[in-house]
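Participant: build the 3D model from these lines:
(2 chains)
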Amino acid sequence: MKQSQLFCKTNKPALSRVEGNKSAETESVSADLLARAGFVDQLMAGVYTFLPLGFRVVKNIENVVRKNMVDAGGQEILMPVLQPKENWTTTGRWNTLDVLFKVKGSGDKEYALGPTHEEVVSPLAKKFVFSYKDLPFSVFQIQTKFRDELRAKSGILRTREFLMKDLYSFHASQEDLDKYYDKMIKVYFNIFKELGIGKETYLTLASGGTFSRYSHEFQMLTEAGEDLIYICNKCKTAINKEIKAENPACPNCSSDSFQEKKAVEVGNIFKLGTKYALPFDLKYKDQYGQDKPVIMGCYGIGISRAMGAVVEANHDEKGIVWPKEIAPFAVHLIGLGEDKKVKATSQKIYQELQKENIQVLYDDRQDKSAGEKFAEADLIGIPYRVIVSEKTLAKNSLEIKERNKSAAKLIKVKDLIKLLKLK
RNA sequence: CGGGGUAUAGUGUAACGGUAGCACGAGUCGUUUGGGACGAUUUAGUUAGGGUUCAAAUCCCUAUACCCCGACCA
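Facilitator: Predicted structure coming up:
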């Protein structure tokens, strides 16, 4: 992609704003950086457009999550956002779920906008599950969710419309669910590691509802987070506020010494048991011909929230530092000056990188000073910055610098692709 | 949903009840080209509706929007 063509404008903040007397302290860092760097645009409170750079990151996060879900046996589907009221009255949540968006169609017929999909996936499963031989299985989707939060906040960390991966698993027995659930904990940690927030993310005990003692939240430590978690000083088990209120001692080692931390919930997993199977009469016949309710689990990851969380965990004073796996581009190629040879060489490198299928953003703009290009590159945060200038060409070289390192080094033109392909 | 705050140009901000100004951005021209460079020039604004007043960006009322704190968050 040529930067001169990119649908994006970075925003150089006015001086007063840089000095921090306003927005810097009222918004989360991720909200500020993502907006300034041109990744997202706010339409209204809690509703955002993903611009080309941001959308690329979203797609990359989706792919990381998707790959891990498929590896764990999940089959991808896409369920509707628009859902019949009846399914929600069946579970009672039409009236009890405060965040449910209700819309009216013609003839005053009422619908729900899906905040989650148990009400769709459970009756769906009923059409396919008859025998114990049909179990277990799991399906997932990556889709827009709607929740009428009373208060949206912190940029894309808490919105009314957001992208979520939700997987639902269906089992013949509690043991089978338990086994799958434990496996998903490992899968989730692998995902957060690949997203570049593995180190900051804690498996956190949360209340489990009727069917299990605990559910688990994946909480990423950050000052921008709105949750408080408590990490046991002795055994490092993390628990959320709810659990801490019910049970002042560590459920794992009984210590009462905790560290309180702010965190954002990037994922959570629940053992649903028969909570949704019963109202929808989702059952199977066992080996003896007996009807048994299906046992369910559900597993969510906020895709768009994860994007914000990644920025919270990966930035410096100059801008975003994207982890390689989800960066909008692998390489930011920057040509400096109007020298013909510089132009020709950068153009050639641009084409070769594309031919090698290396995602490259090429700053081909002639009317921008070097300083401005550098400042923008740091703000956008692409992992590799490659510079072509008269200075580097005099040594028959290019300069390459990683966003998360301070040292740049010169390499030969012909070694560039070799180096990038190794990464 | 309770409480608080704010609303002036694309962005960030000034203006005692009395001429709406500045910076950044954007456009044009020129000079620049290794850290958001410089000069010239152009562009564009008082959230909406009511009220008080000779006179309202400024005071009052209503609405709307956004932000913050809390509550809420399968």
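
Participant: ends of stretch A:74-94, how far apart?
Facilitator: 28 Å (CA to CA, to the nearest Å).

Participant: next, the buried residues of it.
Facilitator: With burial defined by 16 or more other CB atoms under 10 Å, the residues of stretch A:74-94 counted as buried are A:G74, A:M79, A:V81, A:Q83, A:P84, A:N87, A:W88, A:T90, A:T91, A:R93, A:W94. C-beta: built from backbone N, CA, C; applies to glycine.

Participant: how about the residue in chain A that RNA strand B sits nearest to, phi and psi?
Facilitator: Closest residue of chain A to RNA strand B, CB to the nearest atom of the strand: A:G371 (2.3 Å). With angles defined as degrees, to the nearest 10, A:G371 sits at phi -60, psi -40.

Participant: can you get me a residue count around it?
Facilitator: A:G371 has 8 neighbours, counted by other CB atoms under 10 Å.

Participant: do A:G155 as well
Facilitator: Residues near A:G155, counting by other CB under 10 Å, number 27.

Participant: the stretch 201-350 of chain A: helices as residue ranges?
Facilitator: Applying DSSP state H, counting those that start in this stretch to the stretch 201-350 of chain A gives helices spanning A:241-246, A:303-313, A:340-355.

Participant: contacts for the first one?
Facilitator: Contacts made with helix A:241-246 from outside it, assessed by CB atoms under 8 Å, 6 or more residues apart in numbering, are listed as A:L205, A:A206, A:S207, A:Y214, A:D227, A:L228, A:I229, A:Y230, A:P251, A:F258.

Participant: please state the offset of that helix from the chain centre?
Facilitator: Helix A:241-246 sits 27 Å away from the centroid of its parent chain (CA atoms, centre = their mean, to the nearest Å).

Participant: list the buried residues of it.
Facilitator: Quick answer for helix A:241-246 (16+ other CB under 10 Å): A:I243, A:K244.

Participant: for stretch A:287-303, output the C-alpha coordinates as CSV.
Facilitator: The C-alpha trace of stretch A:287-303 is given here as CSV (Å, rounded to 0.1, in the frame of the first residue of the first chain):
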residue,chain,number,x,y,z
GLN,A,287,-26.5,-45.6,25.0
TYR,A,288,-29.5,-46.8,26.9
GLY,A,289,-32.0,-44.7,25.0
GLN,A,290,-32.5,-42.3,27.9
ASP,A,291,-33.0,-38.6,27.3
LYS,A,292,-30.3,-36.5,28.8
PRO,A,293,-29.8,-32.7,28.6
VAL,A,294,-26.8,-31.5,26.7
ILE,A,295,-24.0,-29.9,28.7
MET,A,296,-22.7,-26.7,27.3
GLY,A,297,-19.7,-24.3,27.7
CYS,A,298,-19.1,-20.9,26.2
TYR,A,299,-15.9,-19.1,25.5
GLY,A,300,-15.6,-15.5,24.5
ILE,A,301,-12.8,-13.1,23.4
GLY,A,302,-13.5,-9.4,22.7
ILE,A,303,-11.7,-8.9,19.4
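
Participant: buried residues in that stretch, which are they?
Facilitator: In stretch A:287-303, counting by 16+ other CB under 10 Å, buried: A:K292, A:P293, A:V294, A:I295, A:M296, A:G297, A:C298, A:Y299, A:G300, A:I301, A:G302, A:I303.

Participant: can I get the buried part of the contacts of helix A:241-246 as one ChimeraX selection?
Facilitator: In ChimeraX syntax, the buried subset of the contacts of helix A:241-246 is picked out as below (16+ other CB under 10 Å):
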select /A:205,206,214,227,229,230,251,258
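
Participant: one step back: just name the most buried of the helices of the stretch 201-350 of chain A.
Facilitator: Sort these by mean neighbour count, taking mean count of other CB atoms under 10 Å, and helix A:303-313 sits at the top with a mean of 27.

Participant: avg pLDDT for that one?
Facilitator: The pLDDT scores in helix A:303-313 average 95.
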